[in-house]
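**Student:** sequence and predicted structure are below.
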Amino acid sequence: MARKPPRRTRERILETALVLFNRLGEPHVTTADIADELNISPGNLYYHFRNKDEIIGLLFSELDASLAPLFAGPSSRDADVEDLWLFMHLLFERVFEYRFFFRDLDEITSRDRKLAGRVADLLRREQHAVIELCNGLRTAGALAATDAEIDALAVNVAMIATYWMSFRRLSCGVGQSEDDAAGMQFERAISQVLAMLAPYLHGEHRALVEHLGARYESAALPSSPAKE
């Protein structure tokens, strides 16, 4: 059986940085911390990356690339409620995977204007994807909303996806660990978005979204059983 080739140092640096940023918060992690975690010299790290901001930029590129197919949407048919649910699930799954970025977004982008522009472009594409999903649902007769209402929904989805981490951390208070708070954010955020969209849906479409939202809400509770 052929062995997998060893991961390159550059890939290991990115993977380790993501773990440390998520666990400790980006402002509290230095390049020396990353090198120490990998048991390599700082010089070895600097051979691959000039500074921490370059590492963050590459991690953002990974996030952006993972979201690109999601933002493309269904290409050969109108969207349905399943597409809406899957979009929200995958979107917040990616946000959770790269949660350090959203948790420390203002500080990170204040240091890098070019990266701030890339974030703004991602948010525009995210809102456009939501608008297209809603338009497809409206064409199929599943959703009743004006263009202005759909635009507002798209903005609200982007705001929740971007700032939910900060909201939940502040809401949970200082008595809860960061890991516990983060563990509740993924499902609870999806539940919140589905609750916001449900009133614009009809009949069985609304019933399905409300059912899915309730399942996510239940999964977000610390004492709830694991999802099926």
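**Tutor:** On my side now, so go ahead. Bear in mind the structure is a predicted one, so any value in this text is a computation, not a measurement.
**Student:** quick one: residues contacting the residue sitting nearest the centre point of the chain.
**Tutor:** When the chain is reduced to its mean C-alpha position, the closest residue under CA atoms, centre = their mean turns out to be Val95, at 1.5 Å. Under the criterion of CB atoms under 8 Å, 6 or more residues apart in numbering, the contact partners of Val95 comprise Phe102, Ala161, Trp164, Met165, Phe186, Ala189. In short, each C-beta sits where N, CA and C put it, glycine included.
**Student:** just list what whatever helix or strand Lys114 lives in packs against, helices and strands only.
**Tutor:** For Lys114, the host element (DSSP states H and E) is helix 113-139. Helix 113-139 is packed against helix 52-72, helix 81-97, helix 105-111, helix 147-172, with contacts defined by 3 or more CB pairs under 8 Å, 6 or more residues apart in numbering; DSSP states H and E.
**Student:** which parts of it are buried?
**Tutor:** Judged by neighbour count (16 or more other CB atoms under 10 Å), helix 113-139 contains these buried residues: 115, 118-119, 122-123, 125-127, 129-138.
**Student:** lowest-confidence helix or strand of the chain?
**Tutor:** Within the chain, no helix or strand scores below helix 178-197, which has a mean of 75 by mean pLDDT, DSSP states H and E.
**Student:** run the chain-centre distance for the helix or strand following that one.
**Tutor:** Stepping forward along the backbone from helix 178-197, the first helix or strand reached (DSSP H and E) is helix 203-220. A distance of 20 Å separates the C-alpha centroid of helix 203-220 from that of its chain, computed with CA atoms, centre = their mean, to the nearest Å.
**Student:** angle of helix 203-220 against helix 147-172?
**Tutor:** Between the axes of helix 203-220 and helix 147-172, defined by axes from the mean of the first three to the mean of the last three CA atoms, to 10 degrees, the angle is 20 degrees.
**Student:** contacts for helix 203-220, please.
**Tutor:** Defining contact as CB under 8 Å, 6+ apart, one finds that helix 203-220 is touched by 81, 84-85, 137, 142-143, 184, 186-188, 190-191, 194-195, 197-199, 201, 224, 226-227.
**Student:** residues touching Thr16, list them.
**Tutor:** Listed by CB under 8 Å, 6+ apart, the contact set of Thr16 reads Ile34, Glu37, Leu38.
**Student:** make JSON lines from the residues you listed and add pLDDT, distance to Leu58 and neighbour count to it.
**Tutor:** Conversion of these to JSON lines gives the following (pLDDT from 0 to 100; distance: CB to CB, whole Å; neighbours: other CB atoms under 10 Å):
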{"residue": "Ile34", "pLDDT": "97", "distance to Leu58": "13", "neighbour count": "24"}
{"residue": "Glu37", "pLDDT": "97", "distance to Leu58": "17", "neighbour count": "15"}
{"residue": "Leu38", "pLDDT": "96", "distance to Leu58": "16", "neighbour count": "16"}
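**Student:** cheers, nothing more for now.
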